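Trainee: Return a 3D structure for these sequence lines:
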Amino acid sequence: MLFSRNIIVSVKVINLKKVFGEQIAVNAINFEIAEGQIVGFLGPNGAGKSTTMKMLTGFLPPTSGESWVAGFNIDKSPMDVKRNIGYLPEHNPLYTDLYVKEYLLFCASIFKLDKKESRVKEMIDRVGLTPEYKKKIGQLSKGYRQRVGLAQALIHDPKVLILDEPTSGLDPNQIGEIRTVIKEFGQNKTVILSTHIMQEVQALCDKVIIINKGSIVANDNVENLQHLAQNKILIRLELSKSINESILRNISGVNNITIIGKNTYELECTNDIRETLFFSVAQSGNAILNMQLEQQSLEEIFKKLTTKKTL
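Mentor: Residues are numbered from 1 along each chain as shown. All right, here's what the predicted structure looks like:
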C-alpha cells in the first residue's frame with residue numbers, strides 16, 4: 001500500500017465507525033499514516049481515541065468501515081495484523097504473579113520467537129528494566145509496570161506500535177527514558193501515540209491527529225496546526241509613549257486592539273503586518289521598544305479545536 005511518491009502507507013483508515021447502542025463513539029473517520037512516522041493521536045476524554053486504537057488492533061470490531069495495518073486488512077487478515085502490531089493499552093493488563101523475565105518469555109513464546117532468551121534480555125535492557133527484572137510484576141511501581149507493558153509491545157519487533165498513555169505514572173527521568181525508546185523505535189517503524197501531555201507530542205511526534213466527539217478535527221504537523229486552529233495573528237507591541245489608537249486601527253489587517261499595559265498593546269490581525277506597523281509607528285514620531293508575534297501553544301490549539309464545532 002503506497003502514498004503518492006512511493007511513500008509506504010503503514011496505517012490506513014477509511015470511514016471507520018463504531019456505535020454503542022445509540023451512541024456514536026467513532027464517526028466514519030479517515031486517515032493515513034506513513035511508515036516511520038510518530039503520530040500524536042489526541043482528543044479529550046471520551047473523544048474516541050481508545051476506541052479507535054482498539055479497532056486498529058483488532059480488539060474491537062468496527063460497526064462499519066475498513067482499516068489496514070502493515071498492508072493487511074484488519075477484518076480479512078486479523079492474525080497478520082496482530083503479528084505486525086504492538087499495543088500498550090491505557091490500563092496495562094499484566095500477570096502480576098509472574099516475574100518480569102518469566103512474563104516476557106511467555107510473551108515471546110506466544111509469538112513463537114527464536115532466541116527468546118536473548119530477545120527478552122534485549123527488551124529488559126532497552127526499556128530500563130534491568131534493576132527490577134528479578135521481581136514479580138506485582139511488586140513493581142506503576143512506572144516499572146509501564147516499562148514491562150512497553151517491553152511486551154516491542155518483544156516481537158512489530159512494524160506498528162500503538163501506545164495509549166505510555167508515560168502515565170512515570171517520573172520525569174523515566175519519562176525521558178521512555179521517550180528515547182519511542183523515538184529510537186520510530187526511526188524505522190510507525191508509532192501511534194495517545195497522550196494528554198502536549199510537551200510529549202512536541203518532543204516526539206512528526207504529525208498530530210486530533211479527534212473530538214468521534215470525528216477528526218485536525219490531521220497535520222504541529223506547525224500547520226497553527227493555521228488550522230487560528231484565523232487571527234496576535235502581535236504584542238510596546239511603544240516608548242502612548243499613541244493615538246486610530247493610527248493603529250487604520251493599518252490594513254488590524255481587526256482589534258487591546259491595551260494590556262502602559263504603552264503596550266495587543267493587536268489582533270488577519271495577517272502579519274509587522275513591517276507596515278514599524279513604518280506607521282515611526283512616521284507618527286513614536287518608537288517601538290518591543291514587537292513580537294504571539295504564537296499559540298499546542299494546549300491552546302488543542303482547546304480551540306476541541307471546543308468548537310467547526311473551525
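Trainee: From here on, just use CA atoms for contacts and neighbour counts.
Mentor: Noted.
Trainee: Could I get the full set of helices for this structure?
Mentor: 49-57, 78-83, 100-110, 116-126, 142-154, 172-185, 198-204, 222-229, 245-249, 274-283, 298-307 (DSSP state H).
Trainee: Considering those, which stretch scores lowest in mean pLDDT?
Mentor: Lowest mean pLDDT within the helices of the chain: helix 222-229, a mean of 63.
Trainee: JSON lines for the helices of the chain, including distance to Val13 and mean neighbour count?
Mentor: Supplementary listing: the helices of the chain in JSON lines, determined by distance: least, CA to CA, whole Å; neighbours: other CA atoms under 10 Å:
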{"stretch": "helix 49-57", "distance to Val13": "9", "mean neighbour count": "22"}
{"stretch": "helix 78-83", "distance to Val13": "14", "mean neighbour count": "17"}
{"stretch": "helix 100-110", "distance to Val13": "28", "mean neighbour count": "20"}
{"stretch": "helix 116-126", "distance to Val13": "30", "mean neighbour count": "18"}
{"stretch": "helix 142-154", "distance to Val13": "22", "mean neighbour count": "23"}
{"stretch": "helix 172-185", "distance to Val13": "22", "mean neighbour count": "16"}
{"stretch": "helix 198-204", "distance to Val13": "22", "mean neighbour count": "16"}
{"stretch": "helix 222-229", "distance to Val13": "21", "mean neighbour count": "16"}
{"stretch": "helix 245-249", "distance to Val13": "47", "mean neighbour count": "13"}
{"stretch": "helix 274-283", "distance to Val13": "42", "mean neighbour count": "13"}
{"stretch": "helix 298-307", "distance to Val13": "21", "mean neighbour count": "17"}
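Trainee: Mind putting those helices into a markdown table with distance to Lys213?
Mentor: Below are those laid out as a markdown table (distance: least, CA to CA, whole Å):
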| stretch | distance to Lys213 |
| --- | --- |
| helix 49-57 | 10 |
| helix 78-83 | 27 |
| helix 100-110 | 35 |
| helix 116-126 | 37 |
| helix 142-154 | 28 |
| helix 172-185 | 28 |
| helix 198-204 | 19 |
| helix 222-229 | 17 |
| helix 245-249 | 39 |
| helix 274-283 | 38 |
| helix 298-307 | 8 |
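Trainee: So which of the ones you listed is nearest Ile38?
Mentor: helix 198-204 (6.9 Å; CA to CA).
Trainee: Distance from stretch 238-254 to the middle of the chain?
Mentor: Centroid separation for stretch 238-254 versus its chain: 40 Å, with CA atoms, centre = their mean, to the nearest Å.
Trainee: which outside residues touch that stretch?
Mentor: 255-257, 262-265, 267-271, 273, 276-277, 280-281, 284, 286-291 (CA atoms under 8 Å, 6 or more residues apart in numbering).
Trainee: 6 Å instead?
Mentor: 263-264, 269-270, 287-290 (CA atoms under 6 Å, 6 or more residues apart in numbering).
Trainee: So which of those belong to strands?
Mentor: 264, 269, 288-290 (DSSP state E).
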